Structures are given as C-alpha cells and as structure tokens.
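**Student:** next input, structure requested:
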Amino acid sequence: MAQTFTIMRRELAAYFNTPIGYVFLVFFLLLSKSFFVLLSLFVNGVAEMRSYFSWLPILFLIFVPAIAMRLWAEERKLGTLELLMTFPVRSWHAVVGKFLAGMCFLAIMLILTLDLPLALWLLKGTGPGPDWGPIVCGYLGAIALGMVYMAIGAFASSLTSDQIVAFVIGATLNSVLFLIGFEPFVRMVRDLSPNWGGPVAATIQRFGVNYHFDSICCGVVDSRDILYALTMTAFFLYLNVLVVERRR
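**Tutor:** As a prediction, the model looks like this:
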C-alpha cells in the first residue's frame with residue numbers, strides 16, 4: 001500500500017503544481033454556488049440544499065472527467081508511463097493511487113462548499129434551520145457519485161494519450177449512465193410498449209446514477225445505492241488495470 005499512497009501524493013501534488021488545478025476549483029465553486037443561490041434561495045425560496053444536490057450529477061459530468069483526463073493520458077503523452085511501469089509497483093497500485101488522487105481533489109472541491117450549509121444555518125433566524133439529514137446524505141451521495149464518475153474518467157484516460165479525447169470519452173460514458181437514470185428517458189422507454197416497456201425501463205433505470213443518487217439526497221441511505229457505487233467503481237478500475245497491464 002505504500003506504493004499506492006506514494007503515487008497518490010505525487011498525482012495530487014501535480015494538480016496544484018500548475019494553474020489548471022486552481023482554475024478547476026474556482027470555476028466549480030463559482031458555478032455550483034451560483035446554482036445554490038439561484039435555485040435554493042431565489043427560485044424555491046427555501047433554506048435547503050436538495051435543489052443544489054439535484055444539479056451535482058450534471059456539474060460532475062463536466063468537472064469529474066476534466067479532473068480525471070490527465071491521470072493516464074499525460075503519462076502516455078510525456079512518455080513517463082513506461083518509466084512508471086519499470087518501478088517495483090503493481091498495476092493496481094498505480095491505478096488505485098491515481099484514482100485516490102482524483103478523489104482527494106474532488107473532496108477538496110466539495111469541502112470548499114461547506115460554507116453553503118453554514119450560511120443556511122446563519123440565515124435561519126428564529127426558524128428551525130436547515131434539515132441536516134438530507135445535507136449530510138447529499139454530500140455522501142456526491143462522494144459516491146464522484147467515485148463512479150472518477151473511475152470511468154480514469155479508465156477513459158488510460159485509453160489515449162490525448163487529454164481532450166480522454167475527456168470526451170469519459171464525459172460520454174458518464175452521460176450514458178446519467179441518461180438511463182433520467183426520468184424523461186425512463187418514461188420514454190416505458191411508453192414504448194405496454195407489455196415489456198415497464199420492466200425494461202425499471203431494469204435500465206437501476207443502472208443509472210440518478211436512480212441511486214436521488215434516493216441518497218432524499219435522506220435515505222440504502223445499502224443497495226452504496227453497493228451500486230462500489231461495484232461500478234471497482235468494475236471500471238478493473239478495466240483500467242487491464243488496459244495498463246496490456247501496455248506493460
């Protein structure tokens with residue numbers, strides 16, 4: 001495990017060695033907090049964060065593949081992947097280390113949004129204040145959602161030496177997972193046939209990230225939702241290992 005954490009620290013430091021990491025942080029914070037102010041305060045007029053968390057899957061479609069696109073593509077472009085593979089480190093050590101680095105960066109982004117629930121608490125006045133259950137579950141769901149998107153983005157990055165291509169592949173795969181859990185799409189599949197439309201739609205929906213993320217945001221932490229996130233993450237990390245092993 002020492003090799004894994006060494007690679008994780010190396011990759012995490014790389015995000016902050018260039019301005020691009022700070023640009024990601026600032027842009028995400030500006031955009032996400034703008035959604036919070038517009039949706040939660042002005043549109044709904046309610047001191048809660050469910051509207052904010054409902055937009056996170058869409059924001060993550062852009063930001064998580066952007067975070068993950070450099071993990072392997074940059075190694076291949078600079079020719080350092082072969083050097084990395086000559087070190088006494090197993091492929092899964094490198095894969096997990098890079099994945100954890102991306103997740104740490106994503107966690108930093110989410111930590112910097114903790115001023116939002118704090119602002120809700122300060123603005124409560126004499127009212128009951130925000131409901132902390134859905135807020136805690138929302139952040140838990142955001143981490144689970146980020147794990148799935150990050151694993152897919154890292155896998156996409158291992159397929160190419162071009163970061164833009166890696167971003168497009170990762171964003172496309174993540175969009176498919178988002179779409180199949182999106183209620184209008186599920187409704188469309190259900191309406192195709194009165195006989196098989198319903199069962200097919202229900203089966204497809206269970207593979208979508210929205211189906212599992214929405215229940216967590218409602219304050220319900222179901223073991224099936226956590227198992228979904230862990231299974232999808234492990235599956236794409238395994239594919240990532242296979243790609244790296246093939247290039248050794």
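**Student:** ok, and the closest non-adjacent residue to the residue nearest the centre of the chain?
**Tutor:** Nearest residue to the geometric centre of the chain (Cα atoms, centre = their mean): residue 146, 2.1 Å. Here the nearest residue to residue 146 in space, its sequence neighbours aside, is residue 106; by Cβ to Cβ, 6 or more residues apart in numbering that works out to 4.7 Å. Where you see a C-beta, it was placed from the backbone N, CA and C, and this is true even at glycine.
**Student:** please identify the helix or strand for the one you found.
**Tutor:** Assigned by DSSP states H and E, residue 106 belongs to helix 91-111.
**Student:** if we can go back for a sec, so the residue nearest to the centre of the chain is in contact with residue 60, correct?
**Tutor:** Yes. In this structure residue 146 lies within contact range of residue 60 using Cβ atoms under 8 Å: 6.3 Å.
**Student:** quick one, strands of the protein?
**Tutor:** Remark: no strands are assigned in the chain by DSSP state E.
**Student:** show me where this structure has its helices.
**Tutor:** In the chain, the helices defined using DSSP state H lie at 2-16, 19-35, 50-68, 70-78, 81-86, 91-111, 115-122, 132-157, 163-180, 183-190, 197-205, 209-217, 223-246.
**Student:** helices or strands next to the third one in the packing?
**Tutor:** For helix 50-68, the packing partners by 3 or more Cβ pairs under 8 Å, 6 or more residues apart in numbering; DSSP states H and E come out as helix 19-35, helix 91-111, helix 132-157, helix 163-180, helix 209-217.
**Student:** now mean pLDDT and distance to residue 73 too, for those helices, in CSV please.
**Tutor:** Shown next, in CSV, are the helices and strands packed on helix 50-68 (pLDDT from 0 to 100; distance: least, Cβ to Cβ, whole Å):
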stretch, mean pLDDT, distance to residue 73
helix 19-35, 86, 13
helix 91-111, 92, 11
helix 132-157, 90, 5
helix 163-180, 92, 4
helix 209-217, 76, 23
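**Student:** closest one to residue 11 among these?
**Tutor:** Minimum separation from residue 11 across the helices and strands packed on helix 50-68 (Cβ to Cβ) falls at helix 91-111, 3.4 Å.
**Student:** tell me the contacts of residue 103?
**Tutor:** Contacts of residue 103 were listed using Cβ atoms under 8 Å, 6 or more residues apart in numbering, and they are 143, 146, 147, 150.
**Student:** my read is that the first one contacts residue 107, right?
**Tutor:** What that stands for is residue 143. Yes. Contact criterion Cβ under 8 Å: residue 143 and residue 107 qualify, at 7.1 Å.
**Student:** okay, now residue 51: neighbour count?
**Tutor:** Counted by other Cβ atoms under 10 Å, the residues lying close to residue 51 total 17.
**Student:** can you pull the contacts of the closest residue to residue 76 other than its chain neighbours?
**Tutor:** Nearest in space to residue 76, with sequence neighbours left out and distances taken as Cβ to Cβ, 6+ apart, is residue 161 at 3.8 Å. Going by Cβ under 8 Å, 6+ apart, residue 161 touches 73, 76, 77.
**Student:** can I get the buried part of these as one ChimeraX selection?
**Tutor:** Those of the contacts of residue 161 that count as buried under 16 or more other Cβ atoms under 10 Å are selected in ChimeraX with:
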select :73,76
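**Student:** mind putting the contacts of residue 161 in TSV, distance to residue 16 and pLDDT included?
**Tutor:** Output for the contacts of residue 161, formatted as TSV (distance: Cβ to Cβ, whole Å; pLDDT from 0 to 100):
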residue	distance to residue 16	pLDDT
73	19	87
76	22	78
77	20	77
